[in-house]
Each structure stands twice: as structure tokens, then as C-alpha cells.
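S.K.: Sharing a model that was predicted from the sequence below.
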Amino acid sequence: MLLGTYSPRLDDKGRMFLPAKFRDKLAGGLVMTRGQERCLYVYPMAEFEKVAEQWQNGPTTNAGVRAYQRLLLSGASDEIPDKQGRVTVPAILREYAGLSHECTVIGTGNRIEIWDATAWEAYVAEHEDGFANQSEEVVPGL
């Protein structure tokens, strides 16, 4: 599983060192794409193939499904980290997520998310109390 929070930086060429804990899982290739809340989703290649198959099975007669597939897949970029564990974040994705020099990378189980550090701090500030005070079941059975 991909877990934890890390603070890598983007260099002037748009490259980022992947957190060391994630490198083995992403060494064989990854797919980076637009995520929700203006972050980037990064999947190990094999995991992306599974998830993409589920998305492709959505009813394309539904305008919302088509829009989601278009935005998600048109922004997708397959990458292979270099020998130093760096990956290039394409300009279109850096712009989408508002990435600057300071980033936050979080593990969310089957994927990682790349956030602009300031945007991540704002997200946590907005949602932390709700998380701490959750009165309803979010995941049945937990």
C-alpha cells in the first residue's frame, strides 16, 4: 500500500524525486493524471490499467461519465522514473494542480496524490475537524 505524507520539491525542469518508500512500486512505470480537488493522481501502471478498465466500463451514454473519462484520460501521462527516482510532471498537469516548487505527496492506498503544499495545508485545515468529529459511518463496518 502507498501510505504517508512527504514534502518533495519540483526542480526548474518540472522533475520531482519520488518518496523513497514509493520508488519500488513505481519503478516499472506509472500513470499521472488529473485528480479531484485539483491534485494529481499517480498510479502504478498495473493499478492504473485495472482502474481505467472500470472507468471504461461506465455508460458512455451518460454525459457525466463521458466528461470524467475525457478529462481524466486526456490529462494522463505514462512515465518511468529515472535511475535517481525522479519523475517529470508534465506542464499541463503542473498547471492543473497549481504546483509550484513546494509540493506535498500523500499515499492513499492504491495511488499517490501530488498537491501544491499550500493547497494541501488548506485542504487539511478545512477537513480535519470533520474527520476528527465524524459521527456517521464513512466506511460501513469500521
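M.R.: Nice, I can see it. Numbers count the residues shown, from 1 in each chain.
S.K.: what's near enough to touch the spatially closest residue to residue 38 that is not a sequence neighbour?
M.R.: Nearest non-adjacent residue to residue 38, counting by C-beta to C-beta, 6 or more residues apart in numbering: residue 97, 5.6 Å away. C-beta here means a position set from N, CA and C on the backbone, and glycine is covered the same way. By C-beta atoms under 8 Å, 6 or more residues apart in numbering, the contact list for residue 97 reads 34, 35, 38, 39, 40, 114, 115, 116, 119.
S.K.: Can you name every helix or strand that the lengthiest helix in the chain contacts?
M.R.: If you go by DSSP state H, the chain has its longest helix at helix 117-132. Contacts defined by 3 or more C-beta pairs under 8 Å, 6 or more residues apart in numbering; DSSP states H and E place helix 117-132 against strand 103-109.
S.K.: residues in contact with residue 104?
M.R.: 5, 6, 7, 114, 115, 116, 117, 120, 121.
S.K.: Quick check, pLDDT for it.
M.R.: Per-residue confidence (pLDDT) for residue 104: 98.
S.K.: distance of the nearest residue to it once chain neighbours are set aside from residue 127?
M.R.: Spatially, and ignoring its direct neighbours in sequence, residue 104 is nearest to residue 120 (4.0 Å; C-beta to C-beta, 6+ apart). According to C-beta to C-beta, to the nearest Å, residue 120 and residue 127 sit 11 Å apart.
S.K.: before we move on, what about residue 30?
M.R.: Distance from residue 30 to residue 127, by C-beta to C-beta: 26 Å.
S.K.: got any ranges where this protein has weak pLDDT?
M.R.: 135-142 (pLDDT under 70).
S.K.: Going along the chain, name the strands of it.
M.R.: 2-6, 15-17, 30-34, 40-44, 77-79, 86-88, 103-109, 112-116 (DSSP state E).
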